[in-house]
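Asks: below is the structure, and that's it, no one-letter string:
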C-alpha cells in the first residue's frame, strides 16, 4: 500500500488531476474574496469543456480550443453576474439553475452538433502536448513533474501569481476589502460593483480554462457530464482555503491525491465502490476538520 501511495505514477497523476481543480478554485478565490457567493463553477467547467472540444475539433488547435473554453467561462460568468448584480437574484438560486441546466445543455449540443450521445472522439480534436523540461530531468522528479501537459505548469505558476495579486497589489487589497466590508469600501471610494464584476469575470476565465483542460489534457474527447463534480470540489477547496490561493491549491492537491490513489488501489483488488468514494470522503473530512478549527477559534474569541 505504501508503494502505491508514494509511487511516481500516483504523484504524477495527482498533479494532472489537480490542474483543473487548481485553475477553477484559485480563479474562484477572487470571487469569494470579493464577497460573491458563486457555486456555479460546475456549469462553467462543463460548458467550457464542450466548447473547447468544438474549438479544437474545428481548428485542430488545442490553443484555439482553450480560448473557446475561456470565452465560454466568460459568457457564463457574465450571465451569473447579470442575474445577481443587476436583477437582484439570489446567487445560490442562480448557481443551482446553471448547474442543473449545464448537463442537459451540453448533452443537447453534443447530439445537435456531433450527432452522438455519450461521448465524442475524433482525430481532429488535438490535445496540448507534453513538455520536456531539461532542469526537471532529475531522479524521481523527472517521473513526477516532467513530461506533463503545459497547463499543469501554468496552474502551478498561476497559484504564485494569484497569491501576489491577492496580497501584494492595490487591486487585491480592494477585492479583499469589498468582501470584508462593503460599506467601508464604498466610503473609501471603491467601486464595489465594479470590483465584484471583475472578480466574477476572473473566475469565469480560469474556470473556463479548467474546463478546456478536461478534453484537451490528452484524452482528446468530450463525454457527457465530463466535469463529474470537479466544480463542486473546487468550491470545497475555496471554502477550506478561505480564498487564499496557496491554501486553496494545497486543498486541490489533497483532493487530487485521493483521486489518484483510486487507480492504484483498484489494481490491488480493493473493491471499486470503496475506492471511488476516496476523493469525496477526503473532501468531507477536510471540510469537517476545517470547520472544527473554525468553531474552536469562535469559542476562544467568545
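Replies: Cool, got the structure. Bear in mind that the values here come from a model prediction, so they are computed numbers and not experimental data. Numbers count the residues shown, from 1 in each chain.
Asks: please count neighbours and contacts with C-alpha atoms only from this point.
Replies: OK.
Asks: what's in contact with the strand or helix carrying residue 239?
Replies: Element membership for residue 239 (DSSP states H and E) is helix 230-241. The contact list for helix 230-241 (Cα atoms under 8 Å, 6 or more residues apart in numbering) reads 20-22, 24-26, 28-29, 32, 39-43, 45, 244, 247-249, 251-252, 255, 283, 286-287, 290.
Asks: could you tell me which of those residues belong to strands?
Replies: Members of those lying in strands (criterion: DSSP state E): none.
Asks: and the strands in the stretch 151-300 of the chain?
Replies: 221-223 (DSSP state E, counting those that start in this stretch).
Asks: re earlier: PyMOL command for the buried members of the contacts of helix 230-241?
Replies: One line in PyMOL is enough to select the buried ones among the contacts of helix 230-241; burial here means 16 or more other Cα atoms under 10 Å:
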select buried, resi 20+21+22+24+25+26+28+29+32+39+40+41+42+43+45+244+247+248+249+251+252+255+283+286+287
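Asks: ok, which stretches of the stretch 201-302 of the chain are helices?
Replies: 230-241, 245-267, 272-275, 278-301 (DSSP state H, counting those that start in this stretch).
Asks: low-scoring stretches of this structure, by residue?
Replies: For the chain, residues meeting the criterion pLDDT under 70 lie at 1-4, 264-276, 279, 290, 293-302.
Asks: and the nearest residue to residue 41 once chain neighbours are set aside, how many neighbours?
Replies: Leaving aside its sequence neighbours, residue 41 sits nearest to residue 231 (Cα to Cα, 6 or more residues apart in numbering; 4.8 Å). Counted by other Cα atoms under 10 Å, the residues lying close to residue 231 total 26.
Asks: separation between residue 231 and residue 94?
Replies: Computed as Cα to Cα, to the nearest Å, the residue 231 to residue 94 distance reads 15 Å.
Asks: what of residue 116?
Replies: The value you get for residue 116 to residue 94, if Cα to Cα is used, is 29 Å.
Asks: likewise residue 81?
Replies: Residue 81 is 10 Å from residue 94, by Cα to Cα.
Asks: ok, residue 20 next?
Replies: Taken as Cα to Cα, the span from residue 20 to residue 94 is 23 Å.
Asks: kindly report the same for residue 235.
Replies: 15 Å.
Asks: residues in contact with residue 242?
Replies: 29, 248.
Asks: hang on, isn't residue 200 packed against residue 84?
Replies: No: assessed by Cα atoms under 8 Å, residue 200 is found out of contact with residue 84, at 10.7 Å.
Asks: so for the two, which sits in the more crowded spot?
Replies: residue 200 (27 against 20).
Asks: quick one, which of residue 235 and residue 94 is more surrounded?
Replies: Of the pair residue 235 and residue 94, residue 235 is the one with more neighbours under other Cα under 10 Å, namely 25 against 19.
Asks: buried residues, stretch 57-76. List them.
Replies: 57, 60-76.
Asks: likewise stretch 193-206?
Replies: Buried residues in stretch 193-206 (16+ other Cα under 10 Å): 195, 196, 197, 198, 199, 200, 201, 202, 203, 204, 205, 206.
Asks: ok, now which ones touch residue 224?
Replies: With contact taken as Cα under 8 Å, 6+ apart, residue 224 is in contact with 103, 106, 107, 117, 118, 119.
Asks: ok, residue 95 - contacts?
Replies: 38, 39, 40, 80 are the contacts of residue 95 under Cα under 8 Å, 6+ apart.
Asks: I should have written residue 18 there, sorry.
Replies: Applying Cα under 8 Å, 6+ apart, the residues near residue 18 are 252, 253, 255, 256, 257.
Asks: same question for residue 208.
Replies: Contacts of residue 208 (Cα under 8 Å, 6+ apart): 24, 44, 45, 48, 49, 69, 70, 71, 72, 73, 74.
Asks: from residue 141, how far out is the last one?
Replies: Residue 74 sits at a distance of 36 Å from residue 141 (criterion: Cα to Cα).
Asks: next one: the second one
Replies: Summarising the geometry, the distance separating residue 44 from residue 141, computed by Cα to Cα, is 33 Å.
Asks: ok, now the fifth one?
Replies: From residue 49 over to residue 141 the distance is 30 Å, taken as Cα to Cα.
Asks: higher neighbour count, these two?
Replies: residue 49 (36 against 14).
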